[in-house]
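Enquirer: Below: sequence and its predicted model.
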Amino acid sequence: MTGDLSAYLSDGRLDADGWTAALADDRLLGQACLECEHVTAAPKAACARCGSRDLEPVELPEQGTVYTATRIEVAPEGFEAPYRVALVALGDARVTARLDGDASIGDTVRFVGAIDTPEGPAPLFE
């Protein structure tokens, strides 16, 4: 899904509230640096690569690769174990997400929406 992102922006910028609101709408957003073109999956004040503050919101790809993954056996309060968590590479961007299914490191996974957690919505890949 692509399209207008203005509902998720504050003063033209993506912040944590906008990122969370987009995720609740099953949209995975990130930021692209207009100086070096580095893309990140979480809102930041400046580019992690070059330090530029000239960032624009972008919709991230729905398909990515499992960079690393683990199984949580002892969960924090409010979460039910066991469950899997992965760092998913979406091009340059990497997002921490819940992982449904048996995907392993290097496997292709797809963003299927958000799940509700005690801390708010979290991306879900399978």
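Expert: That came in fine, so what should we check first?
Enquirer: Next one, pLDDT for Glu119 please.
Expert: Glu119 carries a pLDDT value of 85.
Enquirer: Measure how buried it is and give me the count.
Expert: The number of residues packed near Glu119 is 10, by other CB atoms under 10 Å. Every C-beta, even on glycine, is put in place using the N, C-alpha and C of the backbone.
Enquirer: how close does the residue nearest in space to the middle of the chain get to Glu73?
Expert: Centroid check for the chain by CA atoms, centre = their mean gives Val95 as the closest residue, at 4.1 Å. Separation of Val95 from Glu73 (CB to CB, to the nearest Å): 23 Å.
Enquirer: now swap in Gly113 and tell me
Expert: 25 Å.
Enquirer: Burial check on Thr20, number of neighbours?
Expert: Thr20 sits with 18 neighbouring residues when counted by other CB under 10 Å.
Enquirer: Contacts only, for it.
Expert: Gly120, Pro121 (CB atoms under 8 Å, 6 or more residues apart in numbering).
Enquirer: pretty sure Val74 contacts Tyr83?
Expert: No. At 11.1 Å, Val74 and Tyr83 do not qualify as touching, with contact defined as CB atoms under 8 Å.
Enquirer: The two: who's more crowded?
Expert: Tyr83 (16 against 7).
Enquirer: Just grab the bridge partners of that one for me.
Expert: Beta bridges link Tyr83 to Ile72 when assigned by DSSP bridges.
Enquirer: From Arg71, how far out is it?
Expert: 7 Å.
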